[in-house]
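>>> heads up, no residue letters with this:
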C-alpha cells in the first residue's frame, strides 16, 4: 500500500519525530520488513543482553520489546476505531506508569518476541484490509486529531526510533 505521507495536521507535532523517520514506500511492506529484521536480530540475544539497561533508571531490552507491543496495540486500536468512523475521544496513556506494573523483566525474551509477532500480525491484518477511504479517516486521541494512516506511520516510526536506541545506547547489532 503506497500511501502518501500523513500531513502535519493528521497527528500532533510530538509524533513528527516518528512519522518523519519512515521512508517513502509501501507502509505495509515496510512494517513487515522492519519487524522481520528486528525480530531476527533480537531473538539472538543472550539473557544478559536482554536484561541489559544502559543506565540504572532506563528500561531493559525486555522492557523495550514489551513497550513496543503495548504501543502498537494502542495505535492499532485507535486505527480500528477511526477507520470504522468512531470519533469518540480516546485518552492518552502513560507508558512509564504501564511499565511499572508490566513486569516484562520476569518474562522470557522468546515470550515477549512472540507476543510482539502476534501484535504486528494483527496490525498488519487490519491495515491490509482497509479500504482507501478508511486510511484518511480521523479521530481524537490524546488531545489531538490523528488519521488512520498517521497511526500506521507512527507505529513504524516508533519501532524505528527504538531500534536506533537499541543500536546506539544498548550497543546491540540490529
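Yes, it's here. Worth saying up front: this structure is predicted, and the values here are computed from it rather than measured.

>>> switch to C-alpha atoms for all contacts and neighbour counts from now on
Fine.

>>> got phi/psi on residue 144?
With angles defined as degrees, to the nearest 10, residue 144 shows backbone torsions of phi -140, psi 170.

>>> how far away is it from residue 90?
Between residue 144 and residue 90 the distance, using C-alpha to C-alpha, to the nearest Å, works out to 10 Å.

>>> mind listing residues that contact the longest helix along the chain?
Among all segments of the chain classified by DSSP state H, the helix with the greatest residue count is helix 61-83. Judged by C-alpha atoms under 8 Å, 6 or more residues apart in numbering, the contacts made with helix 61-83 from elsewhere in the structure are 49-53, 87, 90, 95, 99, 104-105, 107, 109, 112-113, 115-116, 119-120, 123, 126, 130, 134-135, 137-139, 141, 147-148, 151-152, 154-155, 158-159, 162, 166, 170.

>>> cool, stretch 130-149 as well?
Outside stretch 130-149, the residues that touch it by C-alpha under 8 Å, 6+ apart are 3, 5-6, 9-12, 78-80, 82-93.

>>> now it: average pLDDT?
For stretch 130-149, mean pLDDT is 97.

>>> and it, which residues are buried?
Of the residues in stretch 130-149, those buried by neighbour count under the rule 16 or more other C-alpha atoms under 10 Å are 134-141, 144-149.

>>> sorry, back to before: quick one: which of the contacts of helix 61-83 sit in helices?
49-50, 95, 99, 109, 112-113, 115-116, 119-120, 123, 126, 134-135, 148, 151-152, 154-155, 158-159, 162, 166.
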